[in-house]
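*Asks:* Let me see the structure of the following:
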Amino acid sequence: MILAEDEFSPSQVEHDLNYDFISKFNNLDLDDFNFDNPFSNVEINSNYYDENEFCARYRNFSGLSLITWNIQSLNSKFDGFKEFISTLSEKNIIIDVFALQEVFNIENDNFFNIEGYDLFYKCRKNGLKLDI
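*Replies:* Numbers count the residues shown, from 1 in each chain. You can find the predicted model right below:
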């Protein structure tokens, strides 16, 4: 199941206090997800900022803030991720949502506690298999 554009948008999350993102997220079946090009009908404009540019641009930002990050193993990069959040916080930048991709296997989610954030994740049942 892929969420249709009318089912999810950042403005719904920001403005609709009753929007139930977690239920929609938990109902996704990642094994049935079309990985060919799930965003073929979505125009995405994204800019890259280094840490200093990002901090200068978004200090005291009051809108909904979301960072997406291909972390490629949360287990091995968690300390660096926490340090990044701490650095942003010290510069008065609070991110509402971190969307992490390729977290890989999470065996004990109690290890991944960050004050002010709740962890929600969904791993593939079968895992990703590559033919090399």
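*Asks:* any idea how the protein splits into domains?
*Replies:* 1-45, 48-132 (automatic domain parsing).
*Asks:* Pick the most deeply packed of those domains.
*Replies:* With neighbours taken as mean count of other Cβ atoms under 10 Å, the domains of the chain reach their highest mean count in domain 48-132, at a mean of 12. Backbone N, C-alpha and C define where each C-beta goes, glycine included.
*Asks:* Run the chain-centre distance for that one.
*Replies:* Chain-centre distance of domain 48-132: 6 Å, with Cα atoms, centre = their mean, to the nearest Å.
*Asks:* Make TSV from the domains of the chain and add mean pLDDT to it.
*Replies:* Converted to TSV, the domains of the chain look like this (pLDDT from 0 to 100):
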stretch	mean pLDDT
domain 1-45	65
domain 48-132	85
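*Asks:* so where does residue 68 fall, helix or strand?
*Replies:* Element membership for residue 68, per DSSP states H and E: strand 66-70.
*Asks:* That strand - contacts with which helices or strands?
*Replies:* For strand 66-70, the elements it packs on are strand 97-101, judged by 3 or more Cβ pairs under 8 Å, 6 or more residues apart in numbering; DSSP states H and E.
*Asks:* Direction included, what does the strand it packs on pair against?
*Replies:* Looking at strand 97-101 with DSSP bridges, its partner strands are strand 66-70 (parallel).
*Asks:* Endpoints of stretch 111-123, how far apart?
*Replies:* The straight-line separation of the ends of stretch 111-123 (Cα to Cα, to the nearest Å) is 16 Å.
*Asks:* The lengthiest helix in the chain versus strand 66-70: what angle between them?
*Replies:* Secondary structure of the chain per DSSP state H: the longest helix is helix 74-90. On the basis of axes from the mean of the first three to the mean of the last three Cα atoms, to 10 degrees, helix 74-90 is oriented at 150 degrees to strand 66-70.
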